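**Q** Got a sequence here, can you build the structure:
(chains A and B)
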Amino acid sequence: MDELSALFHGFGTVLSWYNLGMMFIGLVLGVIIGVLPGLGGPNGVAILLPLTFTMPPTSAIIMLSCIYWGSLFAGAITSILFNIPGETSSVATTFDGYPLAQQGRAGNALTASFTGSFFGALSGVLLITFLAPMVSKFALRFGPPEFFAVFLLTFCSFVGTDKKTPFKTIISMMLGFGLAAIGMDTVSGGLRMTFGWSELLRGIDFLVVVIGLFGIGEILVSMEEGLKFEGKNGRINLKVVLQTWKEMPKYWVTLVRSTLVGCWMGVTPGGATAASFMGYGLAQRFSRNGRKFGTGEIEGVIAPETAAHASGTSALLPMLALGIPGSATAAVLLGGLMIWGLQPGPLLFVEQKEFVWGLIASMYLGNFVGLIIVLSTVPLFAAILRIPFAIVAPIIIVVCAIGAYSVNNAMLDVWFMLLFGVIGYVLKKLSYPLAPMILALVLGDRMEDAFRQSMLGPGTGLHVFWSNSLVGTISTLALLMLFWPLVPVLWNLVRKSFGGGKNGGAVGKANEG
Amino acid sequence: MDHQQTEGSPPQGGLSHSAVDAITAVVFFAVGVVMMVDNYRIGIAWASDGPESGYFPFHVGMIISLASIAVFVKAMFGKHRNREIFVSWDRFRLVLLVLLPTALYVLLIQLLGIYVASTLFIAAFMRLLGKIGWLKTVLVSVGVNVLLFWMFEVQFLVPLPKGPLEALFGY
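**A** All right, here's what the predicted structure looks like:
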C-alpha cells in the first residue's frame, strides 16, 4: 500500500495550475507533432528539451512525457483519415483504419483506436505503479557487474528479436556506442577519437543526432514520396462515441491480448512498432473475424493501437526502475533526466520520490485528458495536414535547426544535424533500425563506466560477469537472447544428424548457447 | 537556387538497392577500422587498474567492421538481393531540392543570424517549391519568425545566433 499513498502524493504534486498547464501544452504539442510528417515522438521531445533546462524537473518531465502521449494518440489520426502513418507505430492501423474511413465510419474508427490506446496506456501505467518500485528495490542490490549485465541483456535482446536484419541492428547499435565514446573519456580524462579537433572535446550530443536522424532524415524521406494528402472527414460527435463505446466490450479479448503484448514489448525493448504489428497479427489469427481483416474491421484498429500505446507507456518502466529506456523516446527522456541533474537508476525511487510519483500520477491524468482532447478536436488537427507541405517542411527544418543549436549554443551542431539527416535518410531507406543507435548513444557512457568499474582491482577479467548467481543468470540470459535466432537452426541441424531419438540432448545444448 | 540539377538528368538508371547497401557497408567497415586504429593508439590493453581507455571503443570498432562484412556479403551475394533502383533520379531531385537549400540555410545562419536566415529560407521554399502567392509567403515567413523571436529571446531567454539586423534593434 506504500505505492498508493506515494501515488496520492504524486497527484498532489501534479494538481497545481503550473503543472496542469504544462500537461495541457505538452499534450496539444504532442498531437501536432504526431500529426506532422517529419516530426515524431523522439525528435519532438529532443527539440523541446533545451527549453526545459530552467524548469523544475518534475514540470519538465510532465510536459515532455505528455508530448509523448499526445504523439502516440495522434499517430492514429493520420493513419485513419489520410492512410499515412504519422508515426511508424501506427502503420498497422492503416490496414483497417483507412478502409473504415472510406466507408464513412472514420468517427467510429478514431473513437475505437483512441479508446483502445487509452486502455493500453492505463494498463501500462498500472504496471509501472506496482511493478516499478519492486523492480527498483530489487535493483538496489545491483553493483557495476550486474548493471553491465542488464545493459548487455537490453542490447542483446535488440539483436535477438530482429529476425530480418540482425547485422544492421548490430551496426546501428555499435555506431551509437562509437558516437558516445567520442570526446573526453570520463575515467582517465584522455581524449578519444577527436582527431585533433577541439570542438569534438565535449562529444556529440545525442539530441543533435536525434534531431538529425529523425527530423531532417524524415523530411527527406517524405519529400521523396511526394506528399499529396487526401483526407477523409473525421468529424466525431457524441452519438458516434457512445455507439462505439457500446461496441467496445465485445472486443475485450483483443484489448487484453494487445495490452499484454504491448506491455511485454515495452518492458523488453521491442518497441511500439513491433508491438503494434504483433498485436495486429495475433488479432488477425485468433479473431473470429480474422478473415475480414484489412477490409475495415474495428477490431483491426483496436489491436495495433492498444498494443502500441501499452508498449509506449510501459517503456518507461525500465527507464524509471533501472535507468534503461525501452524505446527511442524514452531514451531521449532519460537523457533529459541526466541534463536536469537527476541520476537515473534504482536510487531514483528513493531519492527523488516527488519526481517519480509526480510523473506516474501525471501519466494517469495525462492519458485521460489526452483522450478527451483528441476525441473533441480531431477535425482541427486533421486540418493541419491540409496545409501544403511547402509551408510545413521549411518550418519544421527551422525548428530543427533551432533545437540543434540551442543544445550547446554551437553552430557546429547544426552542421552535424544536417549530416545526420543525410545519414538518417540513407539508413532509413536501407532499413537500418535507428532506435538501437539512440539507445546506445544515450547509454554508451554509463555502460562503459559499469564495465570498467567492474574491472577495477587485481585479478579481474570477463569471469566477473559470472562471479555470483545473480549476475551470472543475467549474463547467460543476455547471451541466450543474442543467439536466440540461431536456436531453431541448431535444433534442425542436431535433429538431422542424430535422427529423431535424441531430442532431449538437443534442447540441453540449445539452452547452453 | 539549384537549376543546374534539373538539366542533363538521365531518364532512368542509377544504383540498385543492393549496390547502395554494399557501399554503405564498405563505409561502415572503414569507420570501424578508423575506430580501431585510433583507439589502438590510446591503448587497448589491461593496465594495473583495469582496461585502458581505448579498450571499449576498440572492440566496438571491431564489431562494426565484422558486422559490415556480413552486410556486404549479404548485399552482394545474398539470394534475396533487392535489385530495384535505390532512388530514381526524379525522386532524388526532390530530395536535393530540400537538402541543398537547407545546407545554404545553415550557411546563412552563420552570416545573417537565425531569424533573418529562417525568414528567407521559409519564403524561398514557399515561393520556389510551393508556388504560393506573395502575400501568404510574406505573412507566414515573417509571422513564424516574429513568433519564434518572441518565444526564444523574450519568453525563454534562450540566445540564438543573431546577425546585423538584430544588432540594429539593439539585441
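**Q** Number of residues surrounding the closest residue to chain B within the stretch 401-513 of chain A?
**A** At 3.7 Å from chain B, residue A:455 is the closest residue in the stretch 401-513 of chain A, using Cβ to the nearest Cβ. Where C-beta positions appear, they are placed from N, C-alpha and C, glycine not excepted. Neighbourhood size, residue A:455 [other Cβ atoms under 10 Å in any protein chain shown]: 19.
**Q** And it, how close does it get to residue A:449?
**A** 11 Å (Cβ to Cβ, to the nearest Å).
**Q** Repeat that for residue B:125.
**A** 44 Å.
**Q** more crowded one of those two?
**A** Higher neighbour count among residue B:125 and residue A:449: residue B:125, with 27 against 16, using other Cβ under 10 Å.
**Q** Ramachandran angles for that one?
**A** phi -60, psi -50 (degrees, to the nearest 10).
**Q** Quick check: it touching residue A:393?
**A** Yes: taking Cβ atoms under 8 Å as the definition, residue B:125 is a contact partner of residue A:393 at 6.8 Å.
**Q** Which of the three states applies to residue A:256?
**A** helix (DSSP: H, G, I helix; E, B strand; the rest coil).
**Q** how close does it get to residue A:326?
**A** In terms of Cβ to Cβ, residue A:256 sits 21 Å off from residue A:326.
**Q** more neighbours, these two?
**A** In this view residue A:256 and residue A:326 are compared by other Cβ under 10 Å, and residue A:326 has more residues nearby, 28 against 13.
**Q** Using the three-state scheme, assign that one.
**A** For residue A:326, the assignment made with three-state DSSP gives coil.
**Q** likewise residue A:80?
**A** helix.
**Q** these two touch, right, it and residue A:108?
**A** No: at 9.8 Å, residue A:80 does not count as touching residue A:108 under the criterion of Cβ under 8 Å.
**Q** Between these two, which contacts overlap?
**A** Between them, residue A:80 and residue A:108 share these contacting residues under Cβ atoms under 8 Å, 6 or more residues apart in numbering or on different chains: residue A:100.
**Q** In terms of neighbours, single out the busier of these two.
**A** residue A:80 (32 against 22).
**Q** how near is that one to residue A:56?
**A** 37 Å.
**Q** roughly how far out does stretch B:22-36 sit from the chain middle?
**A** Here stretch B:22-36 is found 18 Å from its chain centre; the criterion is Cα atoms, centre = their mean, to the nearest Å.
**Q** Equivalent analysis for stretch A:244-263, please.
**A** Using Cα atoms, centre = their mean, the mean C-alpha position of stretch A:244-263 is found 21 Å from that of the whole chain.
**Q** what's the answer for stretch A:282-293, then?
**A** Worked out by Cα atoms, centre = their mean, stretch A:282-293 lies 27 Å from the chain centre.
**Q** buried residues in that stretch?
**A** A:282-284, A:287, A:293 (16 or more other Cβ atoms under 10 Å in any protein chain shown).
**Q** Which residue, other than its chain neighbours, is closest to the residue positioned nearest the centre of chain A?
**A** Nearest residue to the geometric centre of chain A (Cα atoms, centre = their mean): residue A:327, 2.7 Å. Spatial nearest neighbour of residue A:327, chain neighbours left out: residue A:315 (4.0 Å); criterion: Cβ to Cβ, 6 or more residues apart in numbering or on different chains.
**Q** What's the separation between that neighbour and chain B?
**A** 25 Å (Cβ to the nearest Cβ, to the nearest Å).
**Q** Give me the phi and psi angles of that residue.
**A** Dihedral angles (degrees, to the nearest 10) for residue A:315: phi -60, psi -20.
**Q** now the strands: where do they sit in chain B?
**A** Counting by DSSP state E, one finds strands in chain B at the ranges B:46-47, B:50-51.
**Q** Show me how chain B divides into domains.
**A** Chain B is divided into the following domains under automatic domain parsing: B:17-77, B:89-168.
**Q** Would you reformat those domains as CSV and include distance to chain A and mean pLDDT?
**A** CSV is the format used below for the domains of chain B (distance: least, Cβ to the nearest Cβ, whole Å; pLDDT from 0 to 100):
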stretch, distance to chain A, mean pLDDT
domain B:17-77, 4, 87
domain B:89-168, 2, 87
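**Q** can you put those in CSV and add distance to residue A:496?
**A** CSV is the format used below for the domains of chain B (distance: least, Cβ to Cβ, whole Å):
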stretch, distance to residue A:496
domain B:17-77, 24
domain B:89-168, 47
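**Q** quick one on the thing from earlier: ok, which of the strands of chain B comes nearest residue A:273?
**A** For residue A:273, the closest of the strands of chain B is strand B:50-51, at 35.9 Å, according to Cβ to Cβ.
**Q** Among the strands of chain B, show me which one is buried the most.
**A** strand B:50-51 (a mean of 19; mean count of other Cβ atoms under 10 Å in any protein chain shown).
**Q** Give me the contacts around that strand.
**A** A:451-452, A:455-457, A:460, B:44-45.
**Q** Out of those, which one has the lowest pLDDT?
**A** Across the contacts of strand B:50-51, the bottom pLDDT score, 65, is held by residue A:457.
**Q** ok so, going back, residue A:310 is nearest to which of the strands of chain B?
**A** strand B:50-51 (40.1 Å).
**Q** got a list of what the most centrally placed residue in chain B touches?
**A** Centroid check for chain B by Cα atoms, centre = their mean gives residue B:99 as the closest residue, at 7.9 Å. Going by Cβ under 8 Å, 6+ apart, residue B:99 touches A:220, A:421-422.
**Q** and the stretch 1-150 of chain A, which residues reach chain B?
**A** A:50-51, A:54 (Cβ under 8 Å from any Cβ of the partner chain).
**Q** From the residues you listed, list the buried ones, please.
**A** For the residues of the stretch 1-150 of chain A next to chain B, buried by 16+ other Cβ under 10 Å: A:50-51.
**Q** Out of the residues of the stretch 1-150 of chain A next to chain B, which is nearest to chain B?
**A** Looking across the residues of the stretch 1-150 of chain A next to chain B and measuring by Cβ to the nearest Cβ, the closest to chain B is residue A:51, at 5.5 Å.
**Q** which residues of the stretch 301-450 of chain A score low on pLDDT?
**A** Applying pLDDT under 70 to the stretch 301-450 of chain A flags no residue at all.
**Q** Quick check, the residue in it closest to chain B?
**A** For the stretch 301-450 of chain A, Cβ to the nearest Cβ, closest residue to chain B: residue A:390, 2.5 Å.
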